[in-house]
Structure formats: structure tokens, C-alpha cells
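*Asks:* this one's structure only:
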């Protein structure tokens, strides 16, 4: 079983995530990179994790530069002056989780080949502790927050009321001040740093943002929210409606007017209707960034609320996304933008399975190949294009769950598509 997913490694502290494993990650990355900058989010296990990474890095003769508590996109920007960056975070997972994300100097996550190299060294213990006079050192990196804040504030302005929820994460150190620098009037919620996430769970779902929605409705203006490490951003419009990743993805496309866009397999058909060229990728921001670099694409994003702006680097930047949403709201109400966008009905479901995954995949391939459809894309599960509708069946990478997503241009066609996909899937699971 692979240790690393598309966004590094994460798990429960004391179970998958142990000091010994984290020290091995540091040693493995350090064996491949001489100068590494490290930051953490607000989780209570962060100091332990950073200390273990530093021990591993220094043991193989490389140098660790500590940047303190930072959002993930801020750390990714800071990595530009180093050989690599390591972010200690479990992103949107609960407080008992932690993990490590690995970044290149251009702000992109380690690609699958780089990740495999790190993992092989960990499994094979392919790193050697240096003699006492050849060990690496621990240093400080200063100014990352200020540089990120100033870079964004120099590009965008804001003249609106914003209710901001930072989930008690590290964006508390940058987004409130940034929006103020831009001219916004900011009311904060859950902007005290606390790695136990007392105000809400760190994933910015509609369910978790009920306090933000209520405050926007009573206070006025718009709402913005981050996840636990700041690589995501979602919004609430002036009517108090939650704007998730699919809506914001379409809104950014409408505002930026890129000639090409990179989106994952589960993104809406709306994007095809708005952009001349759409490159579909596997689900995961690392694949979005990789496609953007390969094809010269200026913007990409996911329904999860991660958005990549090539001009800002290749890390999903929830801080920049939040600032851009605030800037857009200053030009005209977000609610009017939302109402002007095309929108199609979509359903998402998940199913737990007990049958062997290989047997299910083989059955799915046989079933899908027998369908009458325009095409089937298999780079990440099975995405069946029916012209005026589509459905995607893909396996979770972390638990025995199959995810089904479907979309159509009207409710009747969506119902037919979901019934077709569910019947097909049930035959494969039985």
C-alpha cells in the first residue's frame, strides 16, 4: 500500500503518523534536497512533526529553514528560494490528524515520480546519517507572510463588507489583514489560532459554515471561508447562499476569461460551455498544476474549492482566491454573478463495498464498454460522456468507498442518468 496520496501523506497522529515515520520523511526529502523550508498549520501536533522533520533533514547533512505557522500557499511561495518546501498539515481533516505536503520551488506539489522516490527511500531506509561534523543545521526563514500579503494587496482592491471565517487556522495571520489592506471592511469569525478547531470543523462545507451564513445574513456583505491550511476558499453571497467549488470555478472562469482551463473529471459541464479548451485531469490539485504547466494553462481548479492561478504559482492559493472574490464583489454583487451563470443539476453519492476492488474494476470496465455513449475516459475511474449528461464512478484512495457523480442539462435527464449509473454499479457490486 502506498504511503503517499496526491496531496502528500496524512493520517491520525500516533497511528499512521509517528515521529519515526516523520523523521524518515525528513531524511528522505533531505537526501534529495540540500535546503528545505518548513512550515506548519495550527494543529497541536505541529511542533512534534516539525522537530521530527528537522532531525531527519539534518541527519543526512541538509539544512532546514523554519518559517513558523503559515498557510500552505504561503509556504509554497517561500519554497521559491529553496530546493523544496515541507508543509506540516492535514488540511481539512479533523484535529487528531496531521501530515506532510511536499512542494517544489515553482510552488507545485511533488509529482508522482518525486513522491515515489521519497517513498522508496523511506521503505528501503535509503539514507545515511552523516558524521558529527557533516550534519545539517537548523535556521530561520523570516518574512513569508509579509511577502505573500504585499504581493496580493498590490494586485487587488476591495470596497465591500466581508465576514471572514479562517477555521482557527493559519490564514488567521494573513487574510484578515490582507482584506483590510485592500480596503475591505472585515468582521472575523474563528480567526483565533487554535489547532483543536473549537469553532467548527476545518473542512469548509455548507454544513460546517452555518454560523458564517447566519452572520452574513444578519450583518450584510459577503462571507469568505478557508479550510485548515488555507489552500481552499469558499464564499457566501449577499443573499446568504453558500457558494461551493463548482460555482466559484465557473465564477472565476467568467471573470478571468482564460482561453484554456484545467479541471478534474468531476467538474461541471458548465466549464465546457464557457471555455474554448478544457483539459480534464485526475482528481487532485497536483494533477491540475501538472496539466497547467504542461499545456500553458493560466487557471485551473476543483469542485473541492482549490484554485490554481498560474500567475501566483502552482500551489492552490485560497488566500489569493478569497482576495479575488472580495475584489469581484466590490465590482458588483456576487449574487448577480451567480444568477447569471449557467447551472445544471448534479448529484453525488457514495457506496461502501466489501468485494475485492480488482473484481469490481474488471466488472465496471466490461459494463461501461457495452454502453452506447460518446466516449469513456478512464484516467481516474470511469467517466461516461452521454452528450447532454455524464456520470463518473471512481474509487476513494483512502477508504473502501466508491463515489458516483452525475450531471445533466435538466432534471429529467439527470434522473435517467443516475438510474442508469446506479443500476450498472449495483451489478458490479453484487
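*Replies:* That came through, no problem. Just so you know, these numbers come straight off a predicted model, no measurement behind them.
*Asks:* helix, strand, or coil at the nearest residue to residue 299 once chain neighbours are set aside?
*Replies:* Leaving aside its chain neighbours, residue 299 sits nearest to residue 258 (4.6 Å; criterion: CB to CB, 6 or more residues apart in numbering). Glycine gets a C-beta too; all of them are placed from N, C-alpha and C. Under DSSP: H, G, I helix; E, B strand; the rest coil, residue 258 falls in the coil class.
*Asks:* who does whichever strand or helix holds residue 54 touch, helix- and strand-wise?
*Replies:* Under the criterion of DSSP states H and E, residue 54 resides in helix 46-59. Judged by 3 or more CB pairs under 8 Å, 6 or more residues apart in numbering; DSSP states H and E, helix 46-59 is in contact with helix 19-32, strand 35-40, strand 63-69, strand 84-88, strand 97-103.
*Asks:* quick one, which of those is packed in tightest?
*Replies:* strand 84-88 (a mean of 30; mean count of other CB atoms under 10 Å).
*Asks:* same for the helix ranked longest in the chain, what does it pack against?
*Replies:* Secondary structure of the chain read by DSSP state H shows that its longest helix is helix 411-429. Secondary-structure packing of helix 411-429 (3+ CB pairs under 8 Å, 6+ apart): strand 346-352, helix 357-369, strand 389-395, strand 401-408.
*Asks:* who are the packing partners of the last one?
*Replies:* I take that to be strand 401-408. When contacts are defined as 3+ CB pairs under 8 Å, 6+ apart, strand 401-408 sits against strand 346-352, strand 389-395, helix 411-429.
*Asks:* centre of the chain to the second one, how far?
*Replies:* To tie it back to what came earlier, the one meant is strand 389-395. Centroid separation for strand 389-395 versus its chain: 20 Å, with CA atoms, centre = their mean, to the nearest Å.
*Asks:* off-centre distance for stretch 49-57?
*Replies:* Taking CA atoms, centre = their mean, one finds the center of stretch 49-57 at 24 Å from the center of the full chain.
*Asks:* and residue 236, bridged to which residues?
*Replies:* Beta-bridge partners recorded for residue 236 (DSSP bridges): residue 223, residue 242.
*Asks:* residues contacting it?
*Replies:* 163, 209, 212, 213, 216, 222, 223, 224, 225, 242, 243 (CB atoms under 8 Å, 6 or more residues apart in numbering).
*Asks:* nearest to residue 123, of these?
*Replies:* Among those, residue 225 lies closest to residue 123 (CB to CB), at 38.2 Å.
*Asks:* tell me how many other residues surround that closest one.
*Replies:* By the criterion of other CB atoms under 10 Å, residue 225 has 31 neighbours.
*Asks:* residues contacting it?
*Replies:* Contacts of residue 225 by CB under 8 Å, 6+ apart are 164, 165, 166, 167, 204, 209, 212, 233, 234, 235, 236.
*Asks:* in strands, which of those residues appear?
*Replies:* Per DSSP state E, strands hold the following members of the contacts of residue 225: 164, 165, 233, 234, 235, 236.
*Asks:* I'd say the first one and residue 178 touch.
*Replies:* No. Taking contacts as CB atoms under 8 Å, residue 164 lies outside contact range of residue 178: 9.9 Å.
*Asks:* give me the contact list for the helix holding residue 54.
*Replies:* Contacts for helix 46-59 (CB under 8 Å, 6+ apart): 13, 17, 19-20, 22-30, 36, 38, 40, 63-64, 66, 69, 86, 88, 98, 100, 127, 129-130, 135-138, 195.
*Asks:* can you say which of the helices and strands packed on strand 401-408 is packed in most?
*Replies:* Comparing these by mean count of other CB under 10 Å gives strand 389-395 as most buried, with a mean of 22.
*Asks:* contacts made by it with the rest, please.
*Replies:* With CB under 8 Å, 6+ apart as the test, strand 389-395 has contacts from 265-266, 269, 283, 357, 361, 364, 380-384, 401-409, 413-414, 416-418, 420-421, 424-425.
*Asks:* partner strands of that strand, with direction?
*Replies:* Going by DSSP bridges, the partners of strand 389-395 are strand 382-385 (antiparallel), strand 401-408 (antiparallel).
*Asks:* what's the burial count for residue 408?
*Replies:* 23.
*Asks:* okay, the helices and strands packed on helix 411-429 in CSV with distance to residue 4 next?
*Replies:* Supplementary listing: the helices and strands packed on helix 411-429 in CSV, determined by distance: least, CB to CB, whole Å:
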stretch, distance to residue 4
strand 346-352, 23
helix 357-369, 19
strand 389-395, 17
strand 401-408, 19
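*Asks:* redo those as TSV? Include mean pLDDT.
*Replies:* Listed next are the helices and strands packed on helix 411-429 as TSV, based on pLDDT from 0 to 100:
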stretch	mean pLDDT
strand 346-352	92
helix 357-369	91
strand 389-395	93
strand 401-408	94
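*Asks:* those: which one's closest to residue 277?
*Replies:* Across the helices and strands packed on helix 411-429, residue 277 has its closest neighbour in strand 389-395 (17.9 Å, CB to CB).
*Asks:* now do the closest one and helix 411-429, the angle between them.
*Replies:* Between strand 389-395 and helix 411-429, the angle comes out at 30 degrees (axes from the mean of the first three to the mean of the last three CA atoms, to 10 degrees).
*Asks:* can you give me the strands in the stretch 251-400 of the chain?
*Replies:* Here the stretch 251-400 of the chain has its strands, by DSSP state E, counting those that start in this stretch, at 260-264, 277-281, 299-301, 307-309, 346-352, 375-377, 382-385, 389-395.
*Asks:* for the third one, buried residues please.
*Replies:* This points to strand 299-301. For strand 299-301, the buried set under the neighbour-count rule, 16 or more other CB atoms under 10 Å, comprises 299, 300, 301.
*Asks:* in CSV: those residues, plus distance to residue 368 and pLDDT.
*Replies:* CSV is the format used below for the buried residues of strand 299-301 (distance: CB to CB, whole Å; pLDDT from 0 to 100):
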residue, distance to residue 368, pLDDT
299, 31, 98
300, 26, 97
301, 27, 97
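*Asks:* now, among these, which is nearest to residue 310?
*Replies:* Nearest to residue 310 among the buried residues of strand 299-301, with distances taken as CB to CB, is residue 299, at 6.8 Å.
*Asks:* tell me what that closest one is bridged to.
*Replies:* Beta-bridge partners of residue 299, counted by DSSP bridges, are residue 261, residue 309.
*Asks:* can you give me the strands for the stretch 51-200 of the chain?
*Replies:* Using DSSP E, counting those that start in this stretch, strands in the stretch 51-200 of the chain cover 63-69, 84-88, 97-103, 138-140, 161-165, 185-189.
*Asks:* give me the most central residue, the chain.
*Replies:* In the chain, the centroid-proximal residue (CA atoms, centre = their mean) is residue 306; its distance is 4.5 Å.
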